[in-house]
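Chemist: Predicted model and sequence below, questions to follow.
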Amino acid sequence: MKANSKSSLDSEEAVFAHRLLSWFDEHGRHNLPWQQDITPYRVWVSEIMLQQTQVSTVIPYYLRFMESFPYVQDLAAASEDDVLHHWTGLGYYARGRNLLRAAKTVVEKFAGQFPSDPADLETLPGIGRSTAAAIASISFNSRHAILDGNVKRVLCRVYAIDTSPYETTTLQRLWDIADRLMPESRCADYTQAIMDLGATVCTRTKARCHECPMQSVCAAFKSGTPAAYPAPRQRKKLPERRCRMLVIRNPQGEILLQKRPPQGIWGGLWSLPQFDDQTAAQTHCLDITGHSPSSESRGQIFRHTFSHYHLDIEPVYLSIGAAVPEVNDNDVQLWYRPGEHKIGLAAPVKKILEQPAATVLQLPLEQA
């Protein structure tokens, strides 16, 4: 799509928006939970949850979250543990912590009303330029273009932009195009439509070009190699690390958990004590409980992948036969019985705790 004059630009913009909205009216998604009873709060929660997470994964989390925190005031009054409990399994837990911080700011600074200006929205924790624009556009039907991953891919293909969308110059070019193509009316529908197009038709692999309303004006399609756009991010091979997680069980069947520091991996979540070697693990059990374990075994190693490394986790099961009155529940440790506490758990910890004992492959530690 080339433009040599202001009139051709106007025509290009009108054609793009018309085709996209016509497609959306017939083929777009209209029944997603956050599309019902639209409010800035509901849109905001959905946009944060959808960051780097697929719609199908988000829906059940979103529904549970809205049931527990139907209004921003409810969220602002919640504890971090309760919020992270609802976030357990979604990953990128800083999103949940920022959600709570932002809710408190909305209540305290904006009297519980989300601002309509994206510049004000960007002052809230966890909200960047594209997310702020999405909230403003969808909630207030205002003309603010977004540029999430789906939109970047659509625009790179339509305009055959073969440089990486993560490069500064390319990113600015994409913002300029996104702003220019944004129509004056039906802004909320347009925002949802262009996200839908990228998510359901102009997908990263196996794009369904025969269904795309932009086929006749898409330079990447005309080139015959739409998958070549945008240029992929250069990915390095992820390093591998290994750790042992202690499952210390007391005579009452409770399991010792410790709270992670606010920053870093699993920040603010409850986790199992973690060590790099067997000796440190056994020493820790003795130090914290005052007792050596009465039985020891290990579970099967499994892998948890972060964005920047693989972590191979070996559960180590230690049973304490004697009472441990010196270990009390406090802000950084607790004896956990599944179902009795609403707390945020690191995903692999939740997996370990939920695994039935009968299915755990347990081998004596001396075989490790």
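Modeler: Okay, I see it.
Chemist: How many neighbouring residues does L75 have?
Modeler: Neighbour count for L75, taken as other C-beta atoms under 10 Å: 24. In this view, the C-beta of every residue, glycine as well, is placed from N, C-alpha and C.
Chemist: The strand or helix carrying it: what's the following helix or strand?
Modeler: Per DSSP states H and E: L75 is located in helix 72-76. Going down the chain from helix 72-76, the next helix or strand is helix 80-87, by DSSP H and E.
Chemist: Averaged pLDDT, that next one. What do you get?
Modeler: Averaged across helix 80-87, pLDDT comes to 93.
Chemist: Off-centre distance for the strand or helix carrying E67?
Modeler: In the assignment (DSSP H and E), E67 maps to helix 55-68. Taking C-alpha atoms, centre = their mean, to the nearest Å, one finds helix 55-68 lying 12 Å from the centre of the chain it belongs to.
Chemist: by contact count, what packs against it?
Modeler: Packing partners of helix 55-68 (3 or more C-beta pairs under 8 Å, 6 or more residues apart in numbering; DSSP states H and E): helix 40-49, helix 80-87.
Chemist: Let me know which of these is tucked in deepest.
Modeler: Compared across the helices and strands packed on helix 55-68, helix 40-49 shows the largest average neighbour count, a mean of 22 (mean count of other C-beta atoms under 10 Å).
Chemist: contacts for that one?
Modeler: 32-34, 58, 61-62, 65-66, 71-72, 90, 95, 98-99, 102, 114, 116, 126-127, 131, 134-135, 138-140 (C-beta atoms under 8 Å, 6 or more residues apart in numbering).
Chemist: So which residues of the stretch 101-250 of the chain form helices?
Modeler: Here the stretch 101-250 of the chain has its helices, by DSSP state H, counting those that start in this stretch, at 118-121, 129-140, 149-158, 168-181, 187-200, 219-223.
Chemist: So for the first one, what gets flagged as buried?
Modeler: In other words, helix 118-121. P118, L121 (16 or more other C-beta atoms under 10 Å).
Chemist: which secondary structure elements does that helix contact?
Modeler: helix 129-140.
Chemist: what's the angle from the helix it packs on to helix 168-181?
Modeler: 10 degrees (axes from the mean of the first three to the mean of the last three C-alpha atoms, to 10 degrees).
Chemist: pLDDT on helix 129-140, on average?
Modeler: If you average the pLDDT over helix 129-140, you get 97.
Chemist: Now list the buried members of the contacts of helix 40-49.
Modeler: The buried subset of the contacts of helix 40-49 - by 16+ other C-beta under 10 Å - is 34, 58, 61-62, 65-66, 72, 90, 95, 98-99, 102, 114, 126-127, 131, 134-135, 138-140.
Chemist: can you list the weak-confidence ranges in the chain?
Modeler: 1-10, 277-279, 281-282, 290-293, 322-330, 356-368 (pLDDT under 70).
Chemist: Let's see that with 80 instead.
Modeler: 1-13, 232-236, 276-296, 307, 320-331, 338-342, 355-368 (pLDDT under 80).
Chemist: domain parsing for the protein?
Modeler: Using automatic domain parsing, the domain ranges for the chain come out as 6-228, 240-367.
Chemist: Deepest-packed of the ones you listed, please.
Modeler: domain 6-228 (a mean of 18).
Chemist: Helix, strand, or coil at the residue nearest to W87 when sequence neighbours are not counted?
Modeler: Nearest residue to W87, sequence neighbours excluded (C-beta to C-beta, 6 or more residues apart in numbering): G96, at 3.7 Å. Secondary structure, DSSP: H, G, I helix; E, B strand; the rest coil: G96 is helix.
Chemist: residues touching A14, list them.
Modeler: Listed by C-beta under 8 Å, 6+ apart, the contact partners of A14 are P183.
Chemist: any idea of the angle the helix or strand hosting it forms with helix 168-181?
Modeler: Taking DSSP H and E as the definition, A14 sits inside helix 6-27. Interaxial angle of helix 6-27 relative to helix 168-181 (the same axes, to 10 degrees): 80 degrees.
Chemist: can you list the helices of the stretch 101-250 of the chain in JSON lines and add distance to K206?
Modeler: Shown next, in JSON lines, are those (distance: least, C-beta to C-beta, whole Å):
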{"stretch": "helix 118-121", "distance to K206": "34"}
{"stretch": "helix 129-140", "distance to K206": "25"}
{"stretch": "helix 149-158", "distance to K206": "13"}
{"stretch": "helix 168-181", "distance to K206": "23"}
{"stretch": "helix 187-200", "distance to K206": "12"}
{"stretch": "helix 219-223", "distance to K206": "14"}
